[in-house]
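> The following comprises the amino acid sequence and a computationally predicted model.
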Amino acid sequence: MKRPLSMTGYGRGEVAGPGGWIVEVRSVNHKFFDPAVKMPRKYLGLEERIKKEVNAFYSRGHVDIYITPGPEAGSDLRLSADLALARDYHQCLEGIRRELDLAEPVSLSLLLNCKEIIVAQEKEEDLETIWPLMAQALTQALHGAADMRAREGRALKDELGQRLAAFAATVAGIEKEIPALVQRRGEKLKERLSALLAGVDLDQVRLAQEVAIMADKADVTEELVRLKSHISQFASLLETDEPAGRRLDFLLQEFLREINTLASKISDAATAHLSVELKTEVEKLKEQVQNIE
């Protein structure tokens, strides 16, 4: 299966015939691998085998597996008569008839109204005989779900790639604005100091030092370098042929960390607006990543 895969999928498998089975697999996103097998209780001995088969297709996600006998399976119930209990009922009824001097004899229809003389029991099944056909239907369902997950995964990959490109373009725009931003901040600082210290002889060297310190505090080069590194890693993970959803989600947390640091260092209105755009894109990326295995 070519990744990334969506965790959302549906598949159906059916094996026809007297020993046939119908299997449906439905999956949605989840932090961990969470399978839930739903089938008649007498087949629960096969539950661990079923989960093992499902785990070969899923690394995480909530997966519901519905297993039912096929329409040609016939009834599993068998009727049997408890003759010892029937004799006891008959003796009791005969005793009542004699004691009350009733003319009506104890009939079969009267005995059939007594509880538990005829009982329905499920026949025992040989699970080893059952498993091959059940596994065949299960495999069909899992492949069907995998095909759907792959199609949705391709759509998610395209969507994430476009949003990542928009995010990278915004980061590049901020990086381009940084030199002009530093210059504007230095000029504003000089203007404020000149206004506050009007008529005072200023040490130009000290003023230049203060301006340099303020510029250094506003330097977001490290944050931008890390953001670009995260963008590159994110793009690489979209191309990997292994489960990457958790790592993508972790990277998005790092995206937000760097954006918050960057925004706290820059008080420029235009750049602040761009940082808001970055956060918005991260939220959109995060929403889509939640569906990737």
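Looks like it came in fine. Numbers count the residues shown, from 1 in each chain.
> low pLDDT regions in the stretch 151-293 of the chain?
Applying pLDDT under 70 to the stretch 151-293 of the chain flags residues 182, 185-187, 189-190, 192-218, 267-268, 270.
> Show me where the stretch 151-293 of the chain has its helices.
Ranges of helices within the stretch 151-293 of the chain are 204-217, 221-239, 245-265, 269-289, based on DSSP state H, counting those that start in this stretch.
> Enumerate the positions of the third one that are buried.
Of the residues in helix 245-265, those buried under the neighbour-count criterion (16 or more other Cβ atoms under 10 Å) are 245, 247-248, 251-252, 254-255, 258-259, 262-263. For glycine as for every other residue, the C-beta is placed from the backbone atoms N, C-alpha and C.
> before we move on, back to that, between the helices of the stretch 151-293 of the chain, which gets nearest to residue 23?
helix 245-265 (25.5 Å; Cβ to Cβ).
> gap between the closest one and the chain center?
Its chain's C-alpha centre and that of helix 245-265 lie 21 Å apart, by Cα atoms, centre = their mean, to the nearest Å.
> Can you give me the neighbour number for residue 191?
10 (other Cβ atoms under 10 Å).
> nope, residue 166 is what I meant
Residue 166 has 15 neighbours, counted by other Cβ under 10 Å.
> Surely it and residue 284 touch.
No - the criterion here is Cβ atoms under 8 Å, and residue 166 misses it with residue 284 at 9.2 Å.
> Switch the helices of the stretch 151-293 of the chain over to TSV; also include distance to residue 55.
Output for these, formatted as TSV (distance: least, Cβ to Cβ, whole Å):
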stretch	distance to residue 55
helix 204-217	52
helix 221-239	22
helix 245-265	16
helix 269-289	22
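> With respect to residue 154, which of those helices lies nearest?
helix 221-239 (10.8 Å).
> just the buried residues of helix 245-265 now: which is nearest residue 233?
Nearest to residue 233 among the buried residues of helix 245-265, with distances taken as Cβ to Cβ, is residue 251, at 6.0 Å.
> any idea how far residue 160 is from the closest one?
Residue 251 sits 11 Å away from residue 160, going by Cβ to Cβ, to the nearest Å.
> Next, residue 14: phi, psi?
When read as degrees, to the nearest 10, the backbone of residue 14 gives phi -150, psi 130.
> quick one: it from residue 50, how far?
Residue 14 is 16 Å from residue 50, by Cβ to Cβ.
> Of these two, which one has the most company?
residue 50 (21 against 15).
> how about the more buried one, secondary structure?
When classified by DSSP: H, G, I helix; E, B strand; the rest coil, residue 50 comes out as helix.
> Assess the claim that it and residue 138 are in contact.
Yes - contact criterion Cβ under 8 Å: residue 50 and residue 138 qualify, at 6.4 Å.
> what pLDDT, on average, does whatever helix or strand residue 37 lives in get?
For residue 37, the host element (DSSP states H and E) is strand 33-38. In this model, strand 33-38 has an average pLDDT of 96.
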